[in-house]
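Asker: Structure for this input, please:
(one chain, ligands or ions: 1)
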Amino acid sequence: MTTRGGRWGRGQTRRGDTGDESAGPVLRAVGLSRVYGQGVSTVVAVDGVDLDIPVGQTLAVTGPSGCGKSTLLQLLGGLDRPDEGEVWLGGQRIDLLGERALARLRRRAVGFVHQDFHLMDELTAAENVELPALLAGDSPRTARRRAAALLDRVGLADRGRHLPSQLSGGQRQRVAVARALVNEPLVVLADEPTGNLDTAATHDVLRLFADLRATGQTLVLVTHDERVAATADRVVSLRDGASAEDIPLAAGGSQLGALLGWEE
Ligand SMILES: Nc1ncnc2c1ncn2[C@@H]1O[C@H](COP(=O)(O)OP(=O)(O)OP(=O)(O)O)[C@@H](O)[C@H]1O
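Answerer: A predicted model of the protein is given here:
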């Protein structure tokens, strides 16, 4: 994948760009806590999480329903703010940024993939992918070119003019992955990206993530599915908002082959 010169400052490059592993973690949480509600209805959704995510790592976040996975992902991506602690992205502390600066940084540095795709129904697949590039300041021509290349990369070169309603769930999620990549984010954050997909579509999306991993893209993946988690480099399990286990998987993405071979 080509890179855009000047988009990132010193210490903010991706592994795929420079091969430089000395820049420190691309994403870092320090003592992160998020509390919802007050009084008797208080819920501590995230409770003192420390996390360093190196450039190029695929991290799976797992744990039982309600343990705080989605809240943690939103905090890491600057969609929500912690009550305590710090979030660092690309060497910059983001939890203290003002709304506009945070929105700008999020647009460029974070690619989100959601369980239910979050595509705009009235826009074509290509327009959905172009939109974040246009919002980040690219010319229409550049945005179109980038969207076409990404749709090709996710195997949907011939579906650019289709509306989301004319695509299968797996195809919609591949459009969503293309959209997440269009601004060459520092991190891709995916919340149950295979949660609404059948087995074949799940495999398509996992293959896509394996391809991203091979290019050095940093990826954080929230998943209930242990087999999906097994395709990561590392698994962090949450219990009641806190990190209960942090396991490096020596085999990492090589589990993908086993998973696909087993299921197919
Ligand atoms: N906006 C909110 N207001 C109040 N409580 C919330 C809110 N969002 C989440 N919570 C609570 O915070 C806790 C963590 O929720 P979160 O969605 O992060 O968990 P999760 O692990 O992603 O769950 P699931 O796997 O079911 O999606 C839960 O107890 C949830 O009820």
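Asker: C-alpha from now on. contacts and neighbour counts both.
Answerer: Fine.
Asker: Tell me where the chain has strands.
Answerer: Along the chain, the segments classed as strands by DSSP state E run 27-36, 43-53, 58-62, 84-89, 92-93, 110-113, 187-191, 218-222, 234-239, 242-248.
Asker: how far away is G48 from A136?
Answerer: For G48, the distance to A136 (CA to CA, to the nearest Å) stands at 33 Å.
Asker: So for those two, which residue has more residues nearby?
Answerer: Remark: of G48 and A136, G48 carries more neighbours, 18 against 15, as counted by other CA atoms under 10 Å.
Asker: distance of the nearest residue to the more buried one once chain neighbours are set aside from the ligand?
Answerer: Using CA to CA, 6 or more residues apart in numbering and skipping residues adjacent in sequence, the residue nearest G48 is G31, 4.3 Å away. When CA to the nearest ligand atom, to the nearest Å is applied, the distance between G31 and the ligand equals 16 Å.
Asker: since we're on G31, how many residues are nearby?
Answerer: A total of 17 residues lie near G31 under the criterion other CA under 10 Å.
Asker: Could you do T231 as well?
Answerer: By the criterion of other CA under 10 Å, T231 has 26 neighbours.
Asker: show me the contacts for the residue nearest to the spatial centre of the chain.
Answerer: In the chain, the centroid-proximal residue (CA atoms, centre = their mean) is L189; its distance is 1.6 Å. Residues in contact with L189 (CA atoms under 8 Å, 6 or more residues apart in numbering) are L73, G77, V110, G111, F112, V113, L219, V220, L221.
Asker: and the fifth one, how many neighbours does it have?
Answerer: The local packing of F112 (other CA under 10 Å) involves 24 other residues.
Asker: Ok, the fourth one next?
Answerer: A count of neighbours around G111, defined by other CA under 10 Å, yields 25.
Asker: Contact partners for the nearest residue to it once chain neighbours are set aside?
Answerer: Leaving aside its sequence neighbours, G111 sits nearest to A180 (CA to CA, 6+ apart; 4.0 Å). With contact set as CA under 8 Å, 6+ apart, A180 has these partners: V110, G111, F112, V113, V129, V188.
Asker: shouldn't the fifth one be in contact with N183?
Answerer: No. Here V129 lies out of contact with N183, judged by CA atoms under 8 Å, at a distance of 9.7 Å.
Asker: Show me which of the two is the more surrounded one.
Answerer: Set V129 next to N183 and count neighbours by other CA under 10 Å: V129 wins out with 29 against 26.
Asker: mind checking how far the more buried one is from G77?
Answerer: Distance of V129 to G77, given as CA to CA: 19 Å.
Asker: same check, this time on Q166
Answerer: To G77, Q166 is 30 Å away according to CA to CA.
Asker: cool, and G56?
Answerer: Using CA to CA, one obtains 16 Å as the distance from G56 to G77.
Asker: And those two? Which one has more around it.
Answerer: G77 (27 against 24).
Asker: Please report how far that one lies from the ligand.
Answerer: Counting by CA to the nearest ligand atom, the gap from G77 to the ligand is 13 Å.
Asker: pretty sure that residue contacts V110?
Answerer: Yes. Taking CA under 8 Å as the definition, G77 is a contact partner of V110 at 6.3 Å.
Asker: if you skip the residues just before and after it, what's nearest to Q74?
Answerer: Of all residues beyond its chain neighbours, the one nearest Q74 is D80 (5.4 Å), with distances taken as CA to CA, 6+ apart.
Asker: With that, I have no additional questions.
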